[in-house]
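What shape does this take:
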Amino acid sequence: MAGKKRRTFTKQFKADAVRLEKESGESLAAVARNIGVGEQSLRNWVRQAEIDAGRGPAGAYTTSERAEIKELRRKLRDVERERDFLKKAAAFFAKETENTK
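Have a look, this model is predicted:
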């Protein structure tokens, strides 16, 4: 069974959807249905827009902070991969040095 392909939306589409939800006077469910997205997706976009505007709960990450965290995690994975390779290489060469004595 093949999974559904995940749809992606531009930043502009999300911003327009949030603005429409705020200004239309319609329920979140109605707006989501009208623009063809899931309620939870629109709810998440509205919540993130509130956080980005400084009106979110204490400790919530802004979009730019989330992007920075994602980038730092990627860099950490790369550095850990390099470290693990170097540890294996050092062990290999140490063993080779022992064998040549």
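
Surely E26 is in contact with N34?
Yes - the pair formed by E26 and N34 meets the contact definition of C-beta atoms under 8 Å, at 7.5 Å. To be clear about C-beta, it is placed using only N, CA and C from the backbone, and glycine gets the same treatment.

tell me what the strand or helix carrying S64 is packed against?
According to DSSP states H and E, S64 maps onto helix 63-99. Contacts defined by 3 or more C-beta pairs under 8 Å, 6 or more residues apart in numbering; DSSP states H and E place helix 63-99 against helix 39-52.

ok, and for the helix it packs on, which residues are buried?
42, 45-46, 48-49, 51-52 (16 or more other C-beta atoms under 10 Å).

tell me the mean pLDDT over that helix?
What helix 39-52 shows for mean pLDDT is 96.

residues in contact with that helix?
9, 14-15, 17-18, 21-22, 28-29, 31-32, 35, 56-57, 60-63 (C-beta atoms under 8 Å, 6 or more residues apart in numbering).

Quick check: PyMOL command selecting the buried ones in those.
To isolate in PyMOL the members of these that are buried, counting by 16+ other C-beta under 10 Å, one can use:
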select buried, resi 14+17+18+21+31+32
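
Out of the contacts of helix 39-52, name the ones that lie in helices.
Counting by DSSP state H, the contacts of helix 39-52 place 14-15, 17-18, 21-22, 28-29, 31-32, 35, 63 in helices.

which of those residues sit farthest apart?
A29 and T63 (24.1 Å; C-beta to C-beta).

where does this structure dip in pLDDT?
Confidence mapping of the chain against pLDDT under 70 gives the ranges 1-2, 101.

got the domain boundaries for this protein?
The chain breaks down by automatic domain parsing into domains covering 9-60, 62-101.
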